[in-house]
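>>> model this:
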Amino acid sequence: MIELVIFVGLQGAGKSSFYRHHYASTHAHVSKDLMRNNRNRERRQRQLVDEALAQGRSVVVDNTNPAPADRAPLLAIGSARGARLIGVFFDVPLRICMERNRRREGIARVPDVALRVTRSRLVPPTLEEGFDEIRRVHVDPQAGLEVERPGAD
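So this is what the prediction gives:
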């Protein structure tokens, strides 16, 4: 079954690295960060997701997607295409995201205020939104990013 995986988390939480390590070989990558010159990145993102799913390809949406309203159009597309809808919540403290962001260079680094604004809007994904499964990624000081699947404490 094809999957639509929607990442939810602050800038600097490790979303893109997580994609590369866990999904790059099996899922298309859609990120507004890769659409810098597109005037309507939201529309283009939805178009790319729909096209990949229509071709039978699983997709990861690698953006902050902080609020249910941000995720709803993507969930609608995935549902219409019969995809399994998976939310991956990056439960990474603001302090850690800010530290990581400060190590970024060029356009990859965002102002601290952008992280605070995203944090103020951040609502963890829920099954009630329409997801079939929610996964939680947290920081383990020894192992880096760790995934907890449903049912894990």
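
>>> the strands in this structure, which residues?
3-8, 28-30, 59-61, 84-91, 133-140, 144-148 (DSSP state E).

>>> weakest of these by average pLDDT?
For the strands of the chain, mean pLDDT drops lowest on strand 144-148, to a mean of 69.

>>> For Arg109, which residues are in contact?
Arg109 makes contact with 101-102 under the criterion CB atoms under 8 Å, 6 or more residues apart in numbering. C-beta coordinates here come from the backbone N, C-alpha and C atoms, glycine included.

>>> Look at it and report its pLDDT.
84.

>>> what do you get for Arg41?
At Arg41, pLDDT is 76.

>>> Give me the below-cutoff pLDDT ranges for the protein.
34-38, 141-145, 149-153 (pLDDT under 70).

>>> same thing but 50
Scanning the chain for pLDDT under 50 picks out 151-153.

>>> about what we covered before: most packed of the strands of the chain?
The highest average neighbour count among the strands of the chain, using mean count of other CB atoms under 10 Å, belongs to strand 59-61 at a mean of 27.

>>> partners of it in the sheet?
Next to strand 59-61 in the sheet, as set by DSSP bridges, lie strand 3-8 (parallel), strand 28-30 (parallel).

>>> Going along the chain, name the helices of the chain.
Here the chain has its helices, by DSSP state H, at 15-22, 41-54, 68-80, 94-102, 112-121.

>>> I'd like to know which of these is closest to Glu133.
helix 68-80 (12.2 Å; CB to CB).

>>> quick check: angle from that closest one to strand 84-91?
Angle, helix 68-80 to strand 84-91, by axes from the mean of the first three to the mean of the last three CA atoms, to 10 degrees: 150 degrees.

>>> circling back: nearest to Ser120, of the strands of the chain?
Among the strands of the chain, strand 3-8 sits nearest to Ser120 (CB to CB), with 14.4 Å.

>>> sorry, back to before: dump the strands of the chain into CSV; add distance to Arg103 as well.
Formatted as CSV, the strands of the chain follow (distance: least, CB to CB, whole Å):
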stretch, distance to Arg103
strand 3-8, 20
strand 28-30, 22
strand 59-61, 23
strand 84-91, 17
strand 133-140, 15
strand 144-148, 15
